[in-house]
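Colleague: Got a sequence here, can you build the structure:
(chains A and B)
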Amino acid sequence: MKCLHLVGLIAVALCATSAAHAEGDKSRGRTLVYTCHGCHGVPGYANAYPDYHVPHIAGQNELYLVNALKAYKTGERKHPTMGAQAQSMSDKDIADIAAYLSSLAK
Amino acid sequence: MTRGFSLIAIGALLALTATQTFAAGDPARGKTKIATCVACHGTDGNSVDPQYPRLAGQYADYLAQALHEYKDGRRGNAIMKGFAATLSDQDIDDVSAYFSSMPSKLSGLEGHVQGD
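Modeller: Predicted structure coming up:
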């Protein structure tokens, strides 16, 4: 019986940790996006080649941003600059950045 | 001499206008081609489900780039590849122009970094 209690406690603890993990920290994200700003914070700034505008990311949907950054990190989605940037991001960094950017929806 | 220059100038002007007419997407025409997009991205391009990107107000040339990459497989996404495969270059420009013209919740990062 005691054993069951323990299993229950562990299960609850695990759920709590993963939930906390999934929630991005916006204020930390605000600090982290300093690097992004060099390209994504210049109105009308264009990618060198092929020539198209660097997309707006402030206000973009959270899970989409998480998936995009993870895909850049694994190389599944290819872009030289974004690949290099995402390499340096932990899963927590990605969650925090996405939480902050998505909170900026106008 | 002047005549030669004028001819070159007229030629250049014509070439420029021609490319522009060809490349420009038409939002009104785009609106008639988005039936499949709206299920996930919303009629106005402001996807409610957070796994799908908001398209409204995004740069049209970025949207077009993404669609071309889905179409030719550079960007891998089974769902988008299927849809993009059915779009001509003109369709891509029109659809991109339409979503880009919609009222947006997106913006650049200017003014949103630490210390601003």
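
Colleague: Ignoring the adjacent residues along the chain, who's closest to A:H79?
Modeller: A:Y72 (6.5 Å; CB to CB, 6 or more residues apart in numbering or on different chains). Where you see a C-beta, it was placed from the backbone N, CA and C, and this is true even at glycine.

Colleague: meant to ask about B:D26, not that
Modeller: B:D94 (5.3 Å).

Colleague: Show me what the helix or strand harbouring that neighbour is packed up against.
Modeller: Using DSSP states H and E, B:D94 sits in helix B:89-100. Counting contacts by 3 or more CB pairs under 8 Å, 6 or more residues apart in numbering or on different chains; DSSP states H and E, helix B:89-100 is packed against helix B:27-31, helix B:60-72.

Colleague: Pick the most deeply packed of those helices.
Modeller: helix B:60-72 (a mean of 21; mean count of other CB atoms under 10 Å in any protein chain shown).

Colleague: Doesn't the residue nearest to A:H79 lie inside a strand?
Modeller: No. Counting by DSSP: H, G, I helix; E, B strand; the rest coil, A:Y72 falls outside a strand, being helix.

Colleague: So it sits against A:S88, correct?
Modeller: No. Counting by CB atoms under 8 Å, A:Y72 does not reach A:S88; the two are 11.0 Å apart.

Colleague: Give me the more crowded residue out of these two.
Modeller: Shown here are A:Y72 and A:S88; by other CB atoms under 10 Å in any protein chain shown, A:Y72 has more neighbours (21 against 9).

Colleague: Next one, pLDDT for that one please.
Modeller: Note for A:Y72: predicted pLDDT of 98.

Colleague: so what's it up against?
Modeller: A:78-79, A:82-83, A:85-86 (CB atoms under 8 Å, 6 or more residues apart in numbering or on different chains).

Colleague: shouldn't B:E69 be in contact with B:M80?
Modeller: No. Using CB under 8 Å, B:E69 is not in contact with B:M80, being 9.1 Å away.

Colleague: one step back: I'd assumed B:I34 was in contact with the residue nearest to B:D26.
Modeller: No. Between B:D94 and B:I34 there is no contact under CB under 8 Å: 9.1 Å.

Colleague: Neighbour count for these two, which is higher?
Modeller: The residue with more neighbours, out of B:D94 and B:I34, is B:D94; 24 against 17, by other CB under 10 Å.

Colleague: what about the residue nearest to A:H56 when sequence neighbours are not counted, how many neighbours?
Modeller: Ranked by CB to CB, 6+ apart and with sequence neighbours excluded, the top spatial neighbour of A:H56 is B:L106, at 4.0 Å. Using other CB under 10 Å, B:L106 has 24 other residues around it.

Colleague: can you tell me which residues contact the closest residue to B:S101 other than its chain neighbours?
Modeller: Using CB to CB, 6+ apart and skipping the chain neighbours, the partner closest in space to B:S101 is B:P27 (4.4 Å). By CB under 8 Å, 6+ apart, B:P27 lies in contact with B:94, B:97-98, B:100-101.
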